[in-house]
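**Q** Here is my input, please return the structure:
(2 chains)
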Amino acid sequence: MSQSADQLKLSESAVIIDIADSPLKINLLEMGFLPGKRIMLSHIAPASGPMAFRMDGSTLALRKSEASLIKIESIQN
Amino acid sequence: MSEASVHSVDQKVRIAIIGNPNVGKSTIFNHLTGLRQKIGNYPGVTVDKKVGTMDFKGVSYEIIDLPGTYSLFPNSEDEIIAHRVLNQLSTKVRPDYVLMVIDSTQVSRGLFLATQLIDLGIKLTLVMNMADIAAEEQINIKTFEIYKDLGVPIISTDARGAEGLQPLKELIHEGKFSNPAEFIDVEEIVSANILNKVQSKFSFENKYQAYQMLRFGLVDKTVSTEDKDYIKNLLDAEDFDLEKAQIEETRIRYEKIDSLVEKSVSKAKTPEAKTNRFDKIFLHPVLGYVIFAGILLLIFQTIFAWSSVPMDLIDGLFAEISSWLVATLPEGPFTSLLAEGLAPGIGGVVIFIPQIALLFAFLAILEDTGYMSRVVFLMDRWMRPFGLHGKSIVPLVSGVACAIPGVMAARNIGNWKEKMITIMVTPLMSCSARLPVYVILIGLTVPDRFIIGFVNLQALALLGLYLLGVFGVLITAFGLKKILKTEEKSFLMVELPSYRTPRWKDVLLTMYNKSRTFVMEAGKVILAISIILWVLASYGPPSKMDAVRAEGEQRIAQASEEQIPEIEAEISSQLLENSFIGIMGQAIEPVIKPLGYDWKIGIALITSFAAREVFVSTIATIYSIEGDVEDDLTIRQKLEQQTWADTGEKVYTAATAFSLMVFYAFAMQCMSTLAVVYRETKGWKWPLIQTVYMTALAYVSALVVYQIFS
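**A** Residues are numbered from 1 along each chain as shown, chains lettered A, B, ... in the order given. Alright, predicted model coming up:
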């Protein structure tokens, strides 16, 4: 079963396996959301607001709908 | 522009600075050019073109600061500019060399853009900025490894732009920019056959330029229809998927960058503990909002407290200058122009400087510390129901200083609908030009008392007016959301940069630049209006004016010594009533009377349509013409003395003052904002709609308020 980044829990890490096809795919890739990268959900804004992911020492904020495009494989910390 | 330069402007070596957002490009630009900056426009688009001059060893160089971008893929207007300048499509601003600024803590992302530039065949130097922060985070960068791989010169600088600047200048002087071999082979993505065709058709220097033309030629407005057809036919013939190619390019590029970064950059295990700790507080689901509200309140209270001292000084100073002019110079129209027109007019401009400087300083600090992106993160969820974007918070908060930079900041929002809504509602935020109107009216009607020990009642009233503006923004935005239609998908992708202390030199420079722009741009309008106003207020139809004067002289001749001052004041008042402006004011009095305004306020409303801050200087001019300049009353004291001609009651009652404040909160009274909205939306449609809806909103709200309180 494939999981996406919006399903992560706070402080949970995962490895990106793919970015789903969407007009936003190129934007996500350009920001560095690439297969093989490790991400960690560091903050969630209230009421299903944006999610902030740590990746390679930087923090990037995405909306929940965009995070759902990032297909992941969760890993144990 | 440059005294030291021996070259003409066209011969100057031109250097462009480029980099991702938030990497400190502007600091480097500021350090290289100092105060010698000019802000212009790129033809056809609305992006500001920041150009400065650097003199070094007797030679002068033109430095261009390009908008921040992550790639050469043009997604927003800012990126289109970078795309066009760097693809050398726009020959007018073609740079000779490029300084590519990279955040040393974010090397991969910076190299993505850098290697695209390399592939375009642009001569460049890498500036590894924020070397000090990288050291703090125990990031070790072997610049020599990067140099070996890419073949471009590399210079390290620190975040404050002090260290490394001299070598950078030397390097520019010696022209040590290199034009290295390409980083990726585009033939892996597009067949050599197509690339060769495009390259020879447009006589490009290399294949990557041909690839960029293939990928973006169809959406670039500067490419002719004929050329577009050529590209389209070529793409169709080969059955080529552009989007896939771009994704492929991104993948290949990052793959190569990752292997380069792996051997050249090493990190200690837990970097940026500081930023994490701060984010736990600033991004906290409850505390984060409390802090944001607190920061806003602090800013307003500080501005109210700090700027009132210099403002009172300026106000008093100009009142004294006027009376000194009258006392010193011989009586005549020239003296009266100086004392009643020019001096209050200049005073009306200068008085804003403390506020504008302070507000822009606060905004610069919020932006520079990295806090503004956190606000975008926190607010996106709450902006979306109103058709706004998290990024709309930047224009809206800027709108508290001035709608003009606010409207301009809206272009960072990629989605058309969200951008339009933001532009339409930003002028409803209470800008600093409204502040003097509020300050005077609050001073008149709200007692200067403290409640619950420390909250000033006047500050609270001011906060109320700002909240009223926010309320106006939200309902209008909600209405527009229902009306405007778009197919575009809205998205939010924003980097939350590491926290850092603000670079005070940049903050000071922002304060200076914004104040100067205000004095030069708005100041001209205000000063011109002050003079026109004085003329209109001092002259009228000769037959009427002469009649008033003749009658007055007759009465003075018959009057006793004690009666003279009173009669003189009456005559001045009658003269104003019969002047051109008096006639205009009276003409609109029936319309504004239900709001509680007399014809003198009507005059101020008319002149305020050019710029709302003119209200204060207008009433200053009107009342000083009418009154006696020698008793140097401040504007507030003059307002208190105003009475209705028929009933003798005070004009500035609480009801009238509140109604005026509400009117000024909502009305579109700023020509400069309209001009900017025209520029941003490329037509008169939106500025006109904006003027009509805001004026209607202002009239109705002021009417309701006056009827409630009177």
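
**Q** Contact partners for the residue in chain A positioned nearest to chain B?
**A** Residue of chain A nearest chain B, by CB to the nearest CB: residue A:49 (3.2 Å). From N, CA and C alone the C-beta is placed, and that goes for glycine too. Counting by CB atoms under 8 Å, 6 or more residues apart in numbering or on different chains, residue A:49 touches A:63-64, B:377-378, B:380-382.

**Q** Surely residue B:602 is in contact with residue B:585?
**A** Yes. Taking contacts as CB atoms under 8 Å, residue B:602 lies within contact range of residue B:585: 4.0 Å.

**Q** more crowded one of the two?
**A** residue B:585 (27 against 23; other CB atoms under 10 Å in any protein chain shown).

**Q** Point me to the residue sitting closest to the centre of chain A.
**A** When CA atoms, centre = their mean is applied to chain A, the residue found nearest the centroid is residue A:5 (4.1 Å).

**Q** re earlier: so is the residue of chain A closest to chain B in a helix, a strand, or just coil?
**A** Three-state call for residue A:49 (DSSP: H, G, I helix; E, B strand; the rest coil): coil.

**Q** And it, how far from residue B:381?
**A** Going from residue A:49 to residue B:381 by CB to CB, to the nearest Å gives 3 Å.

**Q** What sits closest to residue B:389 if chain neighbours are left out?
**A** residue B:418 (4.3 Å; CB to CB, 6 or more residues apart in numbering or on different chains).

**Q** count of neighbours near the one you found?
**A** When neighbours are counted by other CB under 10 Å, residue B:418 registers 26.

**Q** per-residue pLDDT, residue B:263?
**A** Note on residue B:263: pLDDT of 89.

**Q** List of residues touching the host helix or strand of it?
**A** Per DSSP states H and E: residue B:263 is located in helix B:242-264. Contact partners of helix B:242-264, identified using CB under 8 Å, 6+ apart, comprise A:25-26, A:29-30, A:32, A:34, B:71, B:73, B:107-108, B:111-112, B:115-116, B:141-143, B:145-146, B:149-150, B:183-184, B:186, B:188-190, B:211, B:214-215, B:235.

**Q** sorry, back to before: do I have it right that the residue nearest to residue B:389 meets residue B:388?
**A** Yes. Using CB under 8 Å, residue B:418 is in contact with residue B:388, at 6.1 Å.

**Q** out of the contacts of helix B:242-264, which are inside strands?
**A** Under the assignment DSSP state E, the contacts of helix B:242-264 contribute residue B:141 to strands.

**Q** residues in contact with residue 56?
**A** Going with chain A. Residue A:56 makes contact with A:32, A:37, B:106, B:108, according to CB under 8 Å, 6+ apart.

**Q** oops, chain B please
**A** Contacts of residue B:56 by CB under 8 Å, 6+ apart are B:169, B:172-173.

**Q** just to revisit the earlier point, mind listing which of the contacts of residue A:49 are in helices?
**A** A:64, B:377-378, B:380-382 (DSSP state H).

**Q** Residue B:489 touches residue A:24, doesn't it?
**A** Yes. At 7.1 Å, residue B:489 and residue A:24 qualify as touching, with contact defined as CB under 8 Å.

**Q** circling back to that earlier point, touching, the residue nearest to the centre of chain A and residue A:51? I think so.
**A** Yes. Assessed by CB under 8 Å, residue A:5 is found in contact with residue A:51 at 7.5 Å.

**Q** which other residues reach the helix or strand of chain A with the lowest mean pLDDT?
**A** When the helices and strands of chain A are scored by mean pLDDT, DSSP states H and E, helix A:25-30 comes last with a mean of 88. Residues from elsewhere that reach helix A:25-30 (CB under 8 Å, 6+ apart): A:19, A:66, A:69-70, B:70-71, B:73, B:75, B:112, B:243, B:246-247, B:250-251, B:254, B:491, B:493.

**Q** buried ones in it?
**A** A:25-30 (16 or more other CB atoms under 10 Å in any protein chain shown).

**Q** Would you mind giving these as CSV with distance to residue B:452 added?
**A** Below are these laid out as CSV (distance: CB to CB, whole Å):
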residue, distance to residue B:452
A:25, 54
A:26, 54
A:27, 48
A:28, 49
A:29, 53
A:30, 51
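
**Q** so residue B:470 sits in a helix?
**A** Yes. Judged by three-state DSSP, residue B:470 forms part of a helix.

**Q** List the contacts of the residue of chain A most remote from its centre.
**A** Distance from the C-alpha centroid of chain A peaks at residue A:47, with 18.0 Å (CA atoms, centre = their mean). Counting by CB under 8 Å, 6+ apart, residue A:47 touches residue B:381.

**Q** Go again with 10 Å.
**A** For residue A:47, the contact set (CB atoms under 10 Å, 6 or more residues apart in numbering or on different chains) comprises B:285, B:381-382.
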